[in-house]
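[1] please find the sequence and the predicted model below.
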Amino acid sequence: MRGGLRWVADGLFPRGANPHGVLPALLILLAVVTGLVDAISFLGLGRVFVANMTGNTVFLGFALAGDREMSAWASLLALAAFGAGAWTVGQASRWMGNARRVFATASAAHALLVATAFAVDLISGHHHTGPRAALIGLLAYGMGLQNASVRGLAVPDLVTNVLTTTLTGLAAGTPGRAALRRSASVVAMFLGALIGATLHLHVGPALPLAAALTLLAIVAVAAHERTRRTR
């Protein structure tokens, strides 16, 4: 598996110019996770995102203006939980110092949060307010961890959350490996959303949560292995 991840990562840079090891490939997997969990939250948890905070900010405005399809409390909860996750990573970064160690630890914690969300859905479902709030909080907190830890890695042109700047770069930039990396992020998030929505609409949230958990486990194991090798 490690060889395949490294092959994908190296292919996103000119030959011999990848200083990031397997990290670029791991970020592509995390973009898929973003699509999966946002499909679950938007379609199943009441028109709220757990990864796209730009969307939640706009949704909150819609809800306060009186749109009954939007939930002010759900948007506020997602924003608060996401912010708490990002704040946690900021504190861990000051304590641990090494951005790759922070990323590995945050990835493992994110996997545990998604595993907990999976258990909540299996036990309590997602139709009542209590389980919905728990799922929104767990998933948004995990995405806050993910995005803040990815930010510290500074891998160019690969994003795991918001694609507006990436799409702008694709449209305004020139062809090359940077465009390839941006395209990989867009395609990965699209595929995550497509798969997540298909599974959710036909089966429910359990399968897309299981898929997200599997990808996060791969990321966490690979990130910890890389951290151990570089000590």
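    In hand now; what should we look at? Residues are numbered from 1 along each chain as shown.
[2] how about the spatially most central residue of the chain, nearest residue that isn't a chain neighbour?
    Compute the mean C-alpha point of the chain, and by C-alpha atoms, centre = their mean the closest residue is residue 34, 3.7 Å away. Spatial nearest neighbour of residue 34, chain neighbours left out: residue 51 (4.6 Å); criterion: C-beta to C-beta, 6 or more residues apart in numbering. Just so you know, the C-beta spots here come from the backbone N, C-alpha and C atoms, and that holds for glycine as well.
[3] where does the residue nearest to the centre of the chain land on pLDDT?
    What the model reports as pLDDT for residue 34 is 97.
[4] show me what whichever strand or helix holds it is packed up against.
    Taking DSSP states H and E as the criterion, residue 34 maps to helix 23-44. Helices and strands touching helix 23-44, by 3 or more C-beta pairs under 8 Å, 6 or more residues apart in numbering; DSSP states H and E, are helix 2-11, helix 99-124, helix 129-153, helix 177-202, helix 206-229.
[5] the shortest one: how far from the chain's middle?
    The gap between where helix 2-11 is centred and where its chain is centred comes out at 20 Å by C-alpha atoms, centre = their mean, to the nearest Å.
[6] the chain should start at 805 in everything you say after this.
    In the new count, where the first residue is 805, that last one comes out as helix 806-815.
[7] okay, buried residues for that helix please.
    Buried residues in helix 806-815, counting neighbours by 16 or more other C-beta atoms under 10 Å, are found at 809, 810, 812, 813, 814.
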